[in-house]
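# Any chance you could fold what I've pasted below:
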Amino acid sequence: MQENDQQASGTTQDRTPQSSGDVSVPVPETTTQIPPTQETSAEVNIPPAPQVPPPPPPIPQEPGTEAKTELPTKPTEPVVPPSDVPTVSEKPKKPIFKIVIITLVIITLIIWGFVAYSYFRNKSLEKDLEKGETALVQTPTPTEAPPQFSIENGNIIKIDSQGESSLIVSKENYEDTGIIGFTNVLLSPNYQKLCFWSLPPALKPALYYSNADGGSVSKVRERAKNCLWSTDNNMIAYIDDTAQDSPANIYIYNLGTGEETNLTEVSTPSAIYRRYSAESWLDDEKSISCSYDEINTASPEAITKGSCKIDTLSGEVADLQ
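Numbering: from 1, shown residues only. Next comes the predicted model:
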């Protein structure tokens with residue numbers, strides 16, 4: 001810097017004009033100052049250039065062959081998936097263990113609830129028994145095969161569940177049955193009663209009923225047949241045994257009162273008669289299903305068959321289509 005200043009001043013002095021005469025004109029000295037340059041205090045660190053490896057030595061070529069220059073291959077960079085692509089998340093596993101625990105807890109609560117209910121119910125029954133009240137407990141009865149009954153040589157035979165046969169009603173005790181004896185027997189729905197009858201050529205054919213063991217035999221009426229038990233075991237329906245050219249009516253007999261009722265006595269007009277037959281009890285003993293043969297006395301060969309229903313309370317007979 002100082003050297004530059006000196007050179008500048010020297011140069012200025014050399015440029016001062018000198019007169020050829022004696023007159024000297026003073027020339028003012030001009031000094032040119034060059035502002036000092038600012039030195040940079042910050043140093044820039046430039047990294048060294050990477051060293052290029054020396055090229056491989058040339059491969060000797062056979063004469064007649066051209067040298068091929070192989071370009072260095074650029075190393076492949078790993079492909080990074082873009083960040084905006086959504087990633088597939090695994091589905092959470094179902095809490096099977098929790099479901100099993102909850103199910104076991106529910107089953108346990110149900111069992112303990114039933115046990116508690118049974119316990120308090122038994123306590124309530126014990127208190128009722130202590131007070132003298134009767135607890136109604138229904139116990140199932142074992143189902144047994146009903147006994148079987150048959151007619152052998154006019155006698156009534158009972159066959160039990162073991163297959164053993166026993167005589168319960170003998171025709172010898174009923175002389176009116178004659179040599180033929182009894183012809184039919186029917187067991188009541190509760191297996192406690194029997195209904196049986198005799199037919200011609202018995203001297204006095206009749207209808208009877210008794211206990212299932214053959215005891216307490218009672219005569220319902222003479223010349224009656226085809227008994228039919230009511231479902232409550234208290235009544236029997238039957239018809240009178242008459243000749244083919246006369247009416248046959250339906251009767252009911254009440255075992256409790258011993259009362260007999262003719263249900264079809266006035267059901268036909270004059271010159272026409274019917275021969276009825278009882279088929280089954282209906283509507284809890286309130287009616288009977290029946291059938292008939294209707295005969296006109298003017299032409300007995302023409303028989304009209306039909307079905308009917310009888311009201312056991314009013315005695316009304318209704319023909320069915």
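# Longest strand in the chain, please.
Criterion DSSP state E: the longest strand present in the chain is strand 299-311.
# Pairing partners for whichever helix or strand comes after it, with directions?
Of the helices and strands lying after strand 299-311 in sequence (DSSP states H and E), the nearest is strand 317-320. Partner strands and pairing direction for strand 317-320 (DSSP bridges) are strand 299-311 (antiparallel).
# hmm, back to that, how about the longest strand of the chain as CSV, C-alpha atoms only?
The C-alpha coordinates for strand 299-311 follow below in CSV (Å, rounded to 0.1, in the frame of the first residue of the first chain):
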residue,chain,number,x,y,z
SER,A,299,-140.5,-100.0,-0.6
PRO,A,300,-138.3,-101.8,1.9
GLU,A,301,-135.8,-102.7,-0.7
ALA,A,302,-134.8,-99.0,-1.2
ILE,A,303,-132.3,-98.2,1.6
THR,A,304,-130.9,-94.7,2.0
LYS,A,305,-127.6,-94.5,4.0
GLY,A,306,-126.6,-91.3,5.8
SER,A,307,-124.5,-89.8,8.6
CYS,A,308,-125.7,-87.7,11.6
LYS,A,309,-124.8,-86.0,14.8
ILE,A,310,-126.8,-86.2,18.0
ASP,A,311,-126.8,-83.6,20.8
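# so for that strand, what's the average pLDDT?
For strand 299-311, the mean pLDDT works out to 91.
# pLDDT below threshold where in the stretch 51-200 of the chain?
The model of the stretch 51-200 of the chain has pLDDT under 70 over residues 51-94, 125, 127-144.
# how about the strands in it?
In the stretch 51-200 of the chain, the strands defined using DSSP state E, counting those that start in this stretch lie at 148-152, 155-159, 165-169, 184-187, 193-197.
# which residues sit against the shortest one?
Read that as strand 184-187. 146-147, 149-151, 156, 193-197, 212, 225-229 (C-beta atoms under 8 Å, 6 or more residues apart in numbering). In this view, the C-beta of every residue, glycine as well, is placed from N, C-alpha and C.
# Flag every buried residue along the longest strand of the chain.
Neighbour counts over strand 299-311 (16 or more other C-beta atoms under 10 Å) mark 308-310 as buried.
# tell me the contacts of residue 317?
263-264, 267, 290, 308-311.
# Adding distance to residue 189, write the residues you listed out as JSON lines.
Formatted as JSON lines, the contacts of residue 317 follow (distance: C-beta to C-beta, whole Å):
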{"residue": "263", "distance to residue 189": "21"}
{"residue": "264", "distance to residue 189": "24"}
{"residue": "267", "distance to residue 189": "28"}
{"residue": "290", "distance to residue 189": "20"}
{"residue": "308", "distance to residue 189": "24"}
{"residue": "309", "distance to residue 189": "21"}
{"residue": "310", "distance to residue 189": "20"}
{"residue": "311", "distance to residue 189": "22"}
